[in-house]
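> Sequence and predicted structure, then a few things I'm wondering about:
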Amino acid sequence: MLKTLGAAFGAALIAGVATLAQAATISGAGATFPAPVYAKWAESYKAATGTSLNYQAIGSGGGIKQINAKTVDFGASDKPLKPDDLAASGLVMFPTVIGGVVPVVNLPGVKSGQVRLTGAQLADIYRGVIKKWNDPLLVKTNPGVALPAMPITVVHRSDGSGTTFLFTSYLTMKAAHWAQQVGGNDSVQWPTGLGGKGNDGVAAFVKQTPGAIGYVEYAYAKQNGMTYTLLQNKAGKFVTPTADNFAAAAAGAKWQSAPGFYLLLLDQAAPNAWPITGATFILVHAKQDTPAKGKEVLAFFDWAYKNGDAAADQLDYVPLPGSVKELIRKSWTKVTGPDSKPVYR
């Protein structure tokens, strides 16, 4: 009887220890662009495994700094790092989902999809050259739309941001003046405007400022009921920001020939492609000081690849194709512990 009770107690103790071991926490920081889907994945993953994700949406620049400083288990960036930069920092990078950056406006009486903008016009607005909504150039592009005679208040990111990298890189592709005077990067010298921290900071400024224009990840625009504009794409069509149009931009992506998964999806030629489309990326150290923690990080994203597509769809992100997920899983062999063995297999 005592042996039986002892065995039962021992089994319960082992089970309890196993439960405690599973109830781990993964820490990450960076891009605000994918924060809504990471939050959804984290909620479901904790319910399934007991492991929590503590993700700080502080902007891509902050995420890159924190992973380099080893203060988080992974960094997140919408600005992909080039292979040489990855190698110099001892990092491995892989994409998770694809989404779109959208211009949002606060114009009385104007609904989503009513205002049309070209890339060059957007650049001139952000340069401070087009100053009023009833500027003749905007009126010509928007026949039948009652554009108000009010000043344009430009809103941009104040933090280092992959969303800014995508937005300004697109403007650089569409406007020579922008390319010469400002350029494309995660942090630029803005010619004009107000700075908001994160997608939520930009969204808040736009919502409270009549006449404002900003740029945010589409999930933020949708969740906050913001008014988005149409954009003219490379094919000359004024297109709507939708998951289908983000997917159209990503359809020709050749991930298999992208070293370190460095790839931009801006201004693609597909007829319905949304012009400011981009993947968002995870950064982890190639050499893990604590293999168990590296394993937990990769296990989370592996689970998300297998189980998270529906959540991504609901939030209007585009899940990666199965073939790309397999390429990514194979790349994880580069993430090793002190013994040079892969931490996740």
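Happy to help now that I have it. Quick caveat, the model's predicted, so the values are computed rather than measured.
> Please list the residues outside stretch 171-180 that contact it.
Applying Cβ atoms under 8 Å, 6 or more residues apart in numbering, the contact partners of stretch 171-180 are 118-120, 122-124, 126-127, 129, 168, 182-184, 266-267. Where C-beta positions appear, they are placed from N, C-alpha and C, glycine not excepted.
> Farthest pair within those residues?
Within the contacts of stretch 171-180, V129 and L266 form the most distant pair, 22.0 Å apart (Cβ to Cβ).
> So for the two, which residue has more residues nearby?
L266 (23 against 15; other Cβ atoms under 10 Å).
> pretty sure that one belongs to a strand, no?
No: going by DSSP: H, G, I helix; E, B strand; the rest coil, the assignment for L266 is coil, not a strand.
> next one: phi and psi at it?
Phi and psi for L266, reported as degrees, to the nearest 10, are phi -80, psi 140.
> if I pick the residue nearest to it when sequence neighbours are not counted, what's in contact with it?
Leaving aside its chain neighbours, L266 sits nearest to Y170 (5.0 Å; criterion: Cβ to Cβ, 6 or more residues apart in numbering). For Y170, the contact set (Cβ under 8 Å, 6+ apart) comprises V101, G119, G184, L266, D267, P275, I276.
> Need the max-distance pair from those.
Most distant of these, by Cβ to Cβ, are G184 and P275, 13.6 Å apart.
> Look at those two and report which has more neighbours.
Shown here are G184 and P275; by other Cβ under 10 Å, P275 has more neighbours (26 against 20).
> quick one: that one and Q268 touch, right?
Yes: with contact defined as Cβ atoms under 8 Å, P275 reaches Q268; the gap is 7.5 Å.
> what residues are shared contacts of the two?
Joint contacts of P275 and Q268 (Cβ under 8 Å, 6+ apart) are N233, K234, A249.
> any idea how far G90 is from the closest residue in space to the first one that isn't next to it in sequence?
By the measure of Cβ to Cβ, 6+ apart, the closest residue to N233 outside its immediate chain neighbours is P275, 4.7 Å from it. Here the distance between P275 and G90 works out to 34 Å (Cβ to Cβ, to the nearest Å).
> And T277, by the same measure?
29 Å.
> So for those two, which residue has more residues nearby?
Comparing T277 with G90 by other Cβ under 10 Å, the one with more neighbours is T277, at 29 against 11.
> beta partners of the more buried one?
G100 (DSSP bridges).
> And it, how far from Y218?
For T277 relative to Y218 (Cβ to Cβ), the value is 10 Å.
> who touches both of the two?
With Cβ under 8 Å, 6+ apart, T277 and Y218 have common neighbours G99, G100, V101, F246.
> Those residues: which two are farthest apart?
V101 and F246 (10.0 Å).
> and for these two, which residues touch both?
Y218, T277.
> mind checking how far H177 is from Q268?
23 Å.
> State the helix or strand in which A273 lies.
Using DSSP states H and E, A273 is not contained in any helix or strand.
> surely it meets N245?
Yes: counting by Cβ under 8 Å, N245 is a contact partner of A273 at 6.3 Å.
> joint contacts of these two?
V239.
> between H177 and Q268, who's got more neighbours?
When H177 and Q268 are compared on other Cβ under 10 Å, the one with more neighbours turns out to be Q268, at 20 against 13.
> tell me the contacts of that one?
Here Q268 is in contact with N233, K234, A248, A249, A250, G252, P275, T277 (Cβ under 8 Å, 6+ apart).
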